[in-house]
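Novice: got a predicted model here, sequence first, then my questions.
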Amino acid sequence: MRRTLLAVVILFISISTFTSGQVTSDQNPLPESRRSSSELFVYKLNKKDVRNLYLKGKDLEESMLHTLVLRCAEAKGIPALPRGNYIQVRAIDNKLQYSDLTVDNFYHSIVEDEKVMLFLSDTLGNVIGDAVVKQGLKRLRFDGTTQTYNTRRIGNEKRVEVDNDGVLHYIEFEKKPRYYYRHNFFRSSWNRIINGFYRVFDPDRAYLPDKYEGFVVFSKPKYKPGETVRFKAYINHKGRPYNEKAEVSLVSYRPVKIDTTLTILQPYRPGMFEWEFLLSDSLKLHLDNSYNVVLKTKGRHTNDIIGHFYYEEYELGRISFEAKA
């Protein structure tokens, strides 16, 4: 029965291709005629369909093509659709070709510290704090202090499911290998003695661990000239939020050195900072380059909290996945 339905879908699209692309023989020889459909069919997926495709790795089945929401000419492209998970289908020869289509106002960033933190926001940088985030069967809790979803470790389940008000997203985590270096006992002991001497008599030369921990996340990873960079940052000292002013600088070392103070921020809540600035010509930035936003803390033996974004003239695209029946 399923094979019969699938054949009917292919036949329906193929007939559409033939009728829309039919020409006389003197205009276009048969071997050079169009071999794919001139129309796209877009179907709405439910959560069960999306999980079968992403989590269980199933192929597209005709039972998933239950809700047709759009039929349009391929040359014109797909118009704006409401939020949701979709699949777009067309015929090439006698086979169906499909690719996923997710429509949502959604952005994510992964911060790896002592805990793995997942930051979710819309494209304007507004925090999404009511999503259902799961790693396997475990639900990740939302930390209101850092405004992130946290887990102690990645584990074997490297894919996280985010249910953002009915729209499903799947985020891949890369488990980074840990490298260990065994120091020579005598050399390590001597280094500790020397470092202790520096800490007493020449603190500027002494090695000190970072006093502050934190992160900087942006509304998106790439920005074009004239766009507005929006970011949020979190700073703490041994678990206690940093509640002092922080100087914000834009820093880069190539192709030319830049170290420009942008502003001085007060935390809008203990440990949390947010700001935005325009990428104007006055900053004298160079395309295809990475720039750092640096939050400089006050006091002795402090360290900077750094985040980076890319500055380039890019075109928006869509990532698509294809599978042939």
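Specialist: Okay, I see it. Keep in mind that this is a model prediction, so the values were computed, not measured. Residues are numbered from 1 along each chain as shown.
Novice: hey, let's count contacts and neighbours off CA atoms from now on
Specialist: Fine.
Novice: looking at it, Val111 is touching Gln147, isn't it?
Specialist: No - with contacts counted by Cα atoms under 8 Å, Val111 stays clear of Gln147, the gap being 11.7 Å.
Novice: higher neighbour count, the two?
Specialist: Summary of the neighbour comparison: Val111 and Gln147, criterion other Cα atoms under 10 Å, with Gln147 having more neighbours (20 against 16).
Novice: show the pLDDT at that one.
Specialist: Taken from the predicted model, the pLDDT recorded for Gln147 is 86.
Novice: and it, what does it touch?
Specialist: Under the criterion of Cα atoms under 8 Å, 6 or more residues apart in numbering, the contact partners of Gln147 comprise 119, 127, 129.
Novice: over to it: give its phi and psi.
Specialist: Backbone torsions of Gln147, given as degrees, to the nearest 10, read phi 60, psi 40.
Novice: about what we covered before: shared neighbours of Val111 and Gln147, anything?
Specialist: Here Val111 and Gln147 share the contacting residues Phe119, scored by Cα under 8 Å, 6+ apart.
Novice: regarding Ile193, what is its secondary structure?
Specialist: helix (DSSP: H, G, I helix; E, B strand; the rest coil).
Novice: what's the burial count for it?
Specialist: 12.
Novice: ok, it to Lys211 distance?
Specialist: With distances taken as Cα to Cα, to the nearest Å, Ile193 is found 21 Å from Lys211.
Novice: one more: Glu247?
Specialist: With the distance defined as Cα to Cα, Glu247 ends up 16 Å from Lys211.
Novice: sorry, back to before: may I ask which of the contacts of Gln147 has the most neighbours?
Specialist: Across those, the neighbour count under other Cα under 10 Å reaches its highest value at Phe119, namely 20 neighbours.
Novice: my guess is it contacts His108, does it?
Specialist: Yes - contact status for Phe119 versus His108: in contact at 5.6 Å, counting by Cα under 8 Å.
Novice: show me what the spatially most central residue of the chain bridges to in the sheet.
Specialist: Against the mean C-alpha coordinate of the chain, by Cα atoms, centre = their mean, the closest residue is His108 at 4.4 Å. The residues listed as beta-bridge partners of His108 by DSSP bridges are Leu120.
Novice: pLDDT score assigned to it?
Specialist: In the predicted model, His108 carries a pLDDT score of 85.
Novice: so it versus Lys58, what's the distance?
Specialist: Taken as Cα to Cα, the spacing of His108 relative to Lys58 amounts to 26 Å.
Novice: what do you get for Thr146?
Specialist: 37 Å.
Novice: counting neighbours, go ahead and name the busier of those two.
Specialist: Between Thr146 and Lys58, counting by other Cα under 10 Å, Thr146 is the more crowded of the two (22 against 12).
Novice: ok, for that one, nearest residue in space, not its chain neighbours?
Specialist: Taking Cα to Cα, 6 or more residues apart in numbering, and ignoring the residues beside it in sequence, Thr146 has Tyr234 as its nearest neighbour in space, at 6.3 Å.
Novice: show me the contacts for the one you found.
Specialist: For Tyr234, the contacting residues are 146, 214-216, 241, 271-273, by Cα under 8 Å, 6+ apart.
Novice: next, the buried residues of stretch 86-101.
Specialist: Along stretch 86-101, the positions that meet the burial threshold by neighbour count (16 or more other Cα atoms under 10 Å) are 86-92, 95-101.
Novice: in strands, which of those appear?
Specialist: Assigned to strands by DSSP state E, the following of these qualify: 86-92, 95-101.
Novice: save the residues you listed as CSV, and put in distance to His308 and pLDDT too.
Specialist: As requested, these are arranged in CSV below (distance: Cα to Cα, whole Å; pLDDT from 0 to 100):
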residue, distance to His308, pLDDT
Tyr86, 33, 94
Ile87, 34, 90
Gln88, 35, 89
Val89, 38, 87
Arg90, 40, 82
Ala91, 43, 76
Ile92, 43, 73
Lys95, 44, 73
Leu96, 42, 74
Gln97, 38, 80
Tyr98, 36, 82
Ser99, 32, 84
Asp100, 30, 86
Leu101, 29, 90
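Novice: give me the number of residues near the nearest residue to Val103 once chain neighbours are set aside?
Specialist: On the basis of Cα to Cα, 6+ apart, the spatially nearest residue to Val103 that is not a chain neighbour turns out to be Arg83, at 4.8 Å. Here the neighbour count serves as a burial measure; for Arg83 (other Cα under 10 Å) it reads 13.
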